[in-house]
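Asks: sequence and computational prediction follow.
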Amino acid sequence: MTTPSPAFPIETGAPGSENSGNMRFSRRNLLIASATAAAAPAIGTAALQPAQAQTMAIPQRFAFPPNRETLNAARAMALESLLIEKGIITDKSVDGVLAFFETQMGPFNGAKVVARAWVDPAFKQRLGDDTPAAIASLNLPKGMAGAEGEHMRAAVNSPTLHNLVICTLCSCYPWPVLGLPPYWYKDPTFRARAAREPRAVLKEFGLDIPESVEIKTWDSSAQIRWFVVPDRPAGTQGMSEADLAKLVTAEGMMGVAKV
Amino acid sequence: MKLQHYLGGLEGLGPVTYEKRVFVEPWETRIFGIHVAMMALSSQLPLPATGSPFKTIWTWADLRKGAESLNPFDYFKFRYYEKWLGGISGYIVEKGYVTQAELDARTQQFLNASPPSPKAGADPAIDRRINTYLVEGDSPKRDSAFSPKFAKGDKVFVKDVPTIEHTRLPGYLRDRIGVVDTVYSGNYTYLTSTGPDGIGEAMPVYCVRFDPDDLWKGNTEKNFAIYADLYESYLAKPN
């Protein structure tokens, strides 16, 4: 993300619904897209035209080629095409991975874990004390202790404590409960600032944590993949577990939203 | 000394960009899938062999090293998956799976909107292995003798280890004192040896609590604590 855009209100909704549409970029769709793309300059042509160079004193280092995304897409498609041709992967490998994150690993799992914690205090306690065992006790898809979920830990919110998860070194994220990380989490600006000024950063996400509420920030710098258990919202008494799960967002489960 | 190892606490970066999508361009999903496939096929995993000619190691450590080796201006300039595309393409060429000339020629074909027809026929065991990797994961925990040097409540000093190329020590913690909050049970390897930086072999890991006012005196917020998971070789008894 090269230009900052204004923060916009946090939307609630079914976990994963924002992201799942983006997974459906099959090879076929992408081949069609690339075949209809406008003709682009040859690879490596990144020089500014002389007239532009006069008016924009931007060093080459900070300029993008005029066909940035077309070039990116062509490079990615070329790489996949050659890997398939040489038998390194199959023509189904990439789509298979993407499908896994539509159906097996995603925030829909985390939402169920949180909803259960809200209705069952013993489960909530266990979730904080021994996260893998608590998760294993639920009826969730295969792979909850799989890739990027081998050692997960839940940080439980309360009215006096708000947890925030960050990865200042890269973008470590608990795949089985939350799926894949959104761009804000991977952004160096968020990673840098959240370590030192979490309240100011959360305010930009639309979340106001008063100074009287303690904040704990967890930097995922080793094997642990952290996630947050949001506090149960007021006015939800009597709701079914399934309906409670619908309230839980991926943002809430990383600590940049209340729920 | 790489800026990428010292991002925590950096100032002057402007507002956060609240982009909720995982991928912002369709092509990004392809490089993501390629990365997962390569991790699944990586030769150190104890998974059944396949017909894939991929016989080298590719882990998160390799991806991270690629991003950390970028010019720091480029690290901020390029989007997340652009860095993946550069790093993974470079690795594939460096290991000889594809030549740069082949990659450039095929890229030009896609730019010219005349890509070759996709070929089927590679070993389906490849996709079974990818699925197994996703379901079973790759735990770094090892069953070696466990004798942690530190206990919950101990004060620990974070060593300014001589890092070359790669680390899992957030730079803002070097030379700081924290308190052990959790001793994780078991020893944990890291995906690669980081040489003089000190991690790789199985060792205890601790969750250590820091007071932000110790880290950024007079320049942080109140009523907040920061925790980091740290390998034992990064820690020492304070003097």
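Replies: Happy to help now that I have it. Numbering: from 1, shown residues only, chains lettered A, B, ... in the order given.

Asks: drop to CA atoms for contacts and neighbour counts, all remaining ones
Replies: Fine.

Asks: buried sites along the worst-scoring helix or strand of chain B on mean pLDDT?
Replies: When each helix and strand of chain B is scored by mean pLDDT, DSSP states H and E, helix B:72-77 comes last, with a mean of 94. For helix B:72-77, the buried set under the neighbour-count rule, 16 or more other CA atoms under 10 Å in any protein chain shown, comprises B:Tyr75, B:Phe76, B:Lys77.

Asks: who touches the helix or strand following that helix?
Replies: Remark: after helix B:72-77, the chain's next helix or strand is helix B:80-94, criterion DSSP states H and E. Applying CA atoms under 8 Å, 6 or more residues apart in numbering or on different chains, the contact partners of helix B:80-94 are A:72, A:75-76, A:79, A:183, A:186-187, B:28, B:31-32, B:35, B:63, B:66-67, B:75, B:98-100.

Asks: do stretch B:28-48 as well
Replies: Counting by CA under 8 Å, 6+ apart, residues outside stretch B:28-48 touching it are A:23, A:25, A:73, A:76-77, A:80, A:89, A:93-95, A:97-98, B:23, B:52, B:54-60, B:81-82, B:84-85, B:88, B:126, B:129-130, B:133-134, B:138.

Asks: selection in ChimeraX covering whichever of the contacts of helix B:80-94 are buried, please.
Replies: Here is the ChimeraX command that picks out the buried ones among the contacts of helix B:80-94, judged by 16+ other CA under 10 Å:
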select /A:72,75,76,79,183,186,187 /B:28,31,32,35,63,66,67,75,98,99
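
Asks: so for B:Ser114, what's the pLDDT?
Replies: pLDDT for B:Ser114: 85.

Asks: quick one, phi/psi of it?
Replies: Per-residue torsions, B:Ser114: phi -130, psi 60 (degrees, to the nearest 10).

Asks: count of neighbours near it?
Replies: 14 (other CA atoms under 10 Å in any protein chain shown).

Asks: which residues in the chain form helices?
Replies: Let's take chain A. A:17-20, A:27-35, A:50-55, A:68-85, A:93-103, A:107-119, A:121-129, A:131-136, A:175-178, A:183-186, A:188-196, A:198-204, A:241-245 (DSSP state H).

Asks: actually, chain B is the one I wanted.
Replies: B:26-41, B:60-68, B:72-77, B:80-94, B:100-111, B:125-136, B:212-215.

Asks: buried stuff in stretch B:11-28?
Replies: So for stretch B:11-28, counting by 16+ other CA under 10 Å, buried means B:15-24, B:26-28.

Asks: between those residues, which sits nearest chain A?
Replies: Lowest distance from chain A to the buried residues of stretch B:11-28 (CA to the nearest CA) belongs to B:Val22, with 4.1 Å.

Asks: in chain B, which residue sits furthest out from the middle?
Replies: Checked against the mean C-alpha position of chain B, the extreme residue using CA atoms, centre = their mean is B:Ser114, at a distance of 35.7 Å.

Asks: what's the farthest-apart pair in the buried residues of stretch B:11-28?
Replies: By the measure CA to CA, B:Pro15 and B:Trp27 form the most distant pair in the buried residues of stretch B:11-28, at 26.7 Å.

Asks: per-domain residue ranges of the chain.
Replies: All of this refers to chain A. A:19-39+A:49-101, A:105-245 (automatic domain parsing).

Asks: wrong one, I was asking about chain B
Replies: Taken from automatic domain parsing, chain B resolves into B:3-136, B:142-236.

Asks: return the backbone torsion pair for A:Glu150.
Replies: Torsion angles, degrees, to the nearest 10, at A:Glu150: phi -60, psi -30.

Asks: against chain B, how distant is it?
Replies: For A:Glu150, the distance to chain B equals 6 Å [CA to the nearest CA, to the nearest Å].

Asks: repeat that for A:Ala222.
Replies: From A:Ala222 to chain B the distance is 5 Å (CA to the nearest CA).

Asks: once you drop chain neighbours, what's closest to that residue?
Replies: B:Asp229 (5.3 Å; CA to CA, 6 or more residues apart in numbering or on different chains).

Asks: bridging residues for the residue lying closest to B:Gly178 once chain neighbours are set aside?
Replies: Leaving aside its sequence neighbours, B:Gly178 sits nearest to B:Phe210 (CA to CA, 6+ apart; 4.8 Å). Note on B:Phe210: beta-bridge partners by DSSP bridges are B:Ile226.

Asks: pretty sure B:Phe210 contacts B:Val180?
Replies: No. Contact criterion CA atoms under 8 Å: B:Phe210 and B:Val180 do not qualify, at 9.1 Å.

Asks: spell out which residues sit in contact with B:Arg129, please.
Replies: B:Ala40, B:Leu41, B:Leu47, B:Pro48, B:Thr50 are the contacts of B:Arg129 under CA under 8 Å, 6+ apart.

Asks: any idea which of the helices of chain B is most buried?
Replies: helix B:26-41 (a mean of 23; mean count of other CA atoms under 10 Å in any protein chain shown).

Asks: got the angle for that one vs helix B:60-68?
Replies: 140 degrees (axes from the mean of the first three to the mean of the last three CA atoms, to 10 degrees).

Asks: alpha carbons only: can I get helix B:26-41 in PDB?
Replies: Below are the C-alpha coordinates for helix B:26-41, written out as PDB (Å, rounded to 0.1, in the frame of the first residue of the first chain):
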ATOM      1  CA  PRO B  26      -6.000 -11.300  -8.500                       C
ATOM      2  CA  TRP B  27      -2.400 -12.300  -9.300                       C
ATOM      3  CA  GLU B  28      -1.500 -12.200  -5.600                       C
ATOM      4  CA  THR B  29      -3.500 -15.400  -5.000                       C
ATOM      5  CA  ARG B  30      -1.300 -17.300  -7.400                       C
ATOM      6  CA  ILE B  31       2.000 -16.400  -5.700                       C
ATOM      7  CA  PHE B  32       0.400 -17.300  -2.400                       C
ATOM      8  CA  GLY B  33      -0.600 -20.700  -3.600                       C
ATOM      9  CA  ILE B  34       2.900 -21.200  -5.100                       C
ATOM     10  CA  HIS B  35       4.500 -20.400  -1.800                       C
ATOM     11  CA  VAL B  36       2.300 -22.900   0.100                       C
ATOM     12  CA  ALA B  37       3.000 -25.600  -2.600                       C
ATOM     13  CA  MET B  38       6.700 -25.000  -2.200                       C
ATOM     14  CA  MET B  39       6.600 -25.300   1.500                       C
ATOM     15  CA  ALA B  40       4.600 -28.500   1.200                       C
ATOM     16  CA  LEU B  41       7.200 -30.000  -1.200                       C
END
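
Asks: gap between the residue nearest to B:Gly178 and B:Asp229?
Replies: According to CA to CA, to the nearest Å, B:Phe210 and B:Asp229 sit 11 Å apart.

Asks: pLDDT (mean, whole number) over stretch B:41-57?
Replies: On average, stretch B:41-57 scores 97.

Asks: got the buried residues for it?
Replies: Quick answer for stretch B:41-57 (16+ other CA under 10 Å): B:Leu41, B:Ser42, B:Ser43, B:Thr50, B:Ser52, B:Phe54, B:Lys55, B:Ile57.
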